[in-house]
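Visitor: Sequence and predicted structure are below.
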Amino acid sequence: MKQFRVVIPKEKYSIIEFIQDGLPGVGVINLSLRNFEPKEVFAWHLSILIDFDELIENGMPSGAEREVVDPFGEKLDTLIKGANPEKPNALFLARITWNKTRELIWRVFEPEVANQELQNIIENNSSPRGFDYRMEEDIEWQLAQWHLKNC
């Protein structure tokens, strides 16, 4: 088994605005992952898609909706990263708001741990909004390219 020395970078954010399918979007991207190595340690791409209930124009969330969804996103970040900030189970990559949804993305070390946390939320019905998630092995970080190149 390979061993790696990993230095966890301090999160540094860039905000991007974009138009896709005629709708505006806003992304918050963790710039510190652009040159992160060794990428293969965090080989799993986790994307969580949260559906908004209260909207304003162009599919964007209302202020009241953000007050519900933002704390839930912070809770997810804490659960998925784990208790030890020196050795997190995940690195936050991006938060994308577009077309009635919020997508939260991490790069994950141990997918079983993140999957169990998400399954607990589902089983306990402890999510304030409906969500879906997908976790894929992505050693080369191909699924992160759009985010890291557009910031």
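Guide: Yep, that arrived.

Visitor: Give me the below-cutoff pLDDT ranges for this protein.
Guide: 1, 151 (pLDDT under 70).

Visitor: For the residue nearest to the spatial centre of it, pull up the helix or strand it's in.
Guide: Geometric centre of the chain, nearest residue: Ile105, 2.0 Å, by C-alpha atoms, centre = their mean. In the assignment (DSSP states H and E), Ile105 maps to strand 101-108.

Visitor: How far off centre is the helix or strand following that strand?
Guide: Once the chain leaves strand 101-108, the next helix or strand it forms, by DSSP H and E, is helix 111-123. Remark: helix 111-123 is offset 15 Å from the chain centroid, using C-alpha atoms, centre = their mean, to the nearest Å.

Visitor: all strands of the protein, in order?
Guide: For the chain, the strands defined by DSSP state E occupy 13-20, 23-30, 44-51, 90-98, 101-108, 131-137.

Visitor: Present those as JSON lines; the columns should include distance to Asn120.
Guide: Just so you know, the C-beta spots here come from the backbone N, C-alpha and C atoms, and that holds for glycine as well. Converted to JSON lines, these look like this (distance: least, C-beta to C-beta, whole Å):
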{"stretch": "strand 13-20", "distance to Asn120": "28"}
{"stretch": "strand 23-30", "distance to Asn120": "25"}
{"stretch": "strand 44-51", "distance to Asn120": "14"}
{"stretch": "strand 90-98", "distance to Asn120": "16"}
{"stretch": "strand 101-108", "distance to Asn120": "16"}
{"stretch": "strand 131-137", "distance to Asn120": "13"}
